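Enquirer: fold the following for me, if possible:
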Amino acid sequence: MSLNIVILAAGQGKRMYSACPKVLHPLAGKPLLRHVLETARQLHPARLAVVYGHGGDAVRQAFSSDTDILWALQSEQRGTGHALAQALPLLDATLPTLTLYGDVPLVEKTTLERLLLQSGEDMGLLTVDLDHPQGYGRVVRDEQGRVRGIVEERDATDAERAITEINTGILLLPRGVLGGWLAGLKNENAQGEYYLTDVVARAASGGMTIHTTHPAAAWEVEGVNDQRQLAALERVHQRRSADRLLLQGVSLADPSRVDIRGHLVCGRGVRIDVGCVFGGEVHLEDGVAIGPYCVINDARIAAGARLAAFTHIDGASVGANGVVGPYARLRPGTELAAGAHVGNFVEIKNSRIGSDSKANHLTYIGDADIGARVNVGAGVITCNYDGANKFRTCIEDDAFIGSGSQLVAPVQVGKGATIGAGTTLTRDAPANALAISRVRQNIIADWKRPSKKDTQ
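Expert: Have a look, this model is predicted:
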């Protein structure tokens, strides 16, 4: 079905108590408006418009790469009908128009498809029955069950407030009538606003059939007006993400304590402990085990790898059967080959670590190429930065880097070379040689430590 989609996203969000525009607050690592846009695009609209207002520059900047969005400014917030009118010049008048909301992030594509299918050429209204409908506009029906209009709670009678079917705000407006309907809206209500929902009564009085569709779950149409509601929808989203992983065979130690803030792809036999956060594009291959409280962004973890507790990985890859952590940090550009070990309090950035190499304790490796079967001792530092430029360190296969050494780049350690503990390496170390730089050790017998003078 070819259609216009308009997303109303101009609200200020006073109850968020934040300088950030409401629709830019994150849910699962993405702005609320991003969720709505992604769902809207799955319907392949002919025109996709966003009505923005408060924090407009920030909103447009956040979506500056989305070239398919048509932007309409609502400089004054005078109601939903007024908001939609600002987008009217951008729409194709020969097509129906679906209205969505930038602060209602979890509506499902399948629900919207049902709304479109059931409505056809008529008006479609997404409604839901709530046990406690306070605060919502009520759907008023006649004795035959036909929709006659929507009344906002502030304007409702006691009998109308007793209605449990509420308006979600999501509706399909038939082609050819939108402009006339919007022009005829009045603001004679408690809020002094132009309600888009008033077009429902106009359609009913004109003899148009109004079809209603319910979402599969009420959370699909829940909006965000304060931080509490945002937190509640975050938990809904995360639990649904966890359920999908469980159905794929992923073992989660506690489904309520995992956060997916991007796209997580898991192979067979993957195990994820509590408190882990995944962002961006993350691939966990078969048999990967993730320990508790790991943070993993834009990473690929190969089959059989194990990440111990509190490991942080960002823009890096771990080879098959690799072991990382606890308390390790792999920064962007890091690649660990199969069987590599990176231990506690080791930080690696923009480096390649060869197969079966190890750096197990208290080490910084930056801008380095390390071959296979290399042992990097505790406290080793590659000194890759001179205050202005970065330089690389190359360590060839089977080298041994003694504890407490500093490798001042650019420098190369040959195959099989040994760097003695405590060495500051400023020149290349030849293959199979021992390089060592230490001050000669002296022993002073009967040494007495200084003592504090008696001040009394």
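Enquirer: all strands for the stretch 101-250 of the chain, in order.
Expert: Ranges of strands within the stretch 101-250 of the chain are 123-129, 138-141, 147-151, 165-173, 210-213, based on DSSP state E, counting those that start in this stretch.
Enquirer: mind checking how far the second one is from the chain centre?
Expert: Distance of strand 138-141 from its chain centroid, counting by C-alpha atoms, centre = their mean, to the nearest Å, is 37 Å.
Enquirer: re the thing from before, out of the strands of the stretch 101-250 of the chain, nearest to Leu106?
Expert: With C-beta to C-beta as the criterion, Leu106 lies closest to strand 165-173 of the strands of the stretch 101-250 of the chain, at 11.8 Å. In this view, the C-beta of every residue, glycine as well, is placed from N, C-alpha and C.
Enquirer: how about Tyr17, nearest residue that isn't a chain neighbour?
Expert: If the residues on either side of it in the chain are set aside, Tyr17 comes closest to Gln227, at 7.5 Å by C-beta to C-beta, 6 or more residues apart in numbering.
Enquirer: hmm, that neighbour is touching Met16, no?
Expert: Yes - the pair Gln227 and Met16 qualifies as a contact (C-beta atoms under 8 Å) at a distance of 6.3 Å.
Enquirer: who's more crowded, the two?
Expert: Legend: neighbour count by other C-beta atoms under 10 Å for Gln227 and Met16, higher for Met16 (19 against 13).
Enquirer: give me the distance between the more buried one and Leu230.
Expert: Spatial separation of Met16 from Leu230 under the definition C-beta to C-beta, to the nearest Å is 8 Å.
Enquirer: overlap of the contact sets of these two?
Expert: By the contact definition C-beta atoms under 8 Å, 6 or more residues apart in numbering, Met16 and Leu230 are jointly contacted by His25, Val224.
Enquirer: show me what the helix or strand encompassing Ile365 packs onto, helices and strands only.
Expert: If you go by DSSP states H and E, Ile365 is part of strand 358-366. For strand 358-366, the helices and strands in contact under the criterion 3 or more C-beta pairs under 8 Å, 6 or more residues apart in numbering; DSSP states H and E are strand 341-349, strand 375-376, strand 381-383.
Enquirer: dump those strands to JSON lines, plus mean pLDDT.
Expert: Below are those laid out as JSON lines (pLDDT from 0 to 100):
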{"stretch": "strand 341-349", "mean pLDDT": "98"}
{"stretch": "strand 375-376", "mean pLDDT": "98"}
{"stretch": "strand 381-383", "mean pLDDT": "98"}
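Enquirer: most packed of the ones you listed?
Expert: Across the helices and strands packed on strand 358-366, averaging neighbours per residue (mean count of other C-beta atoms under 10 Å) puts strand 375-376 on top, at a mean of 24.
Enquirer: mind listing the strands for the stretch 351-456 of the chain?
Expert: According to DSSP E, counting those that start in this stretch, the strands that the stretch 351-456 of the chain contains are 352-353, 358-366, 368-370, 375-376, 381-383, 393-395, 400-401, 406-408, 411-413, 418-419, 424-425, 434-435.
Enquirer: on the pLDDT front, check the residue nearest to Tyr17 for me.
Expert: pLDDT recorded at Gln227 is 97.
Enquirer: do Arg449 as well
Expert: The per-residue pLDDT reported for Arg449 equals 86.
Enquirer: that one and Ala253: what is the separation?
Expert: 51 Å.
Enquirer: of the two, who's got more company?
Expert: Neighbour tally, Arg449 and Ala253, criterion other C-beta under 10 Å: the higher count belongs to Ala253, 15 against 4.
Enquirer: in contact with the more buried one, which residues are there?
Expert: With C-beta under 8 Å, 6+ apart as the criterion, the residues that contact Ala253 are Arg271, Ile272, Asp273, Val274, Pro292.
Enquirer: which of the strands of the stretch 351-456 of the chain sits closest to Gly319?
Expert: In this view, those are compared for proximity to Gly319 by C-beta to C-beta, and strand 352-353 is the closest at 8.5 Å.
Enquirer: so how far is the closest one off the chain centroid?
Expert: Taking mean C-alpha positions (C-alpha atoms, centre = their mean), strand 352-353 and its chain are 28 Å apart.
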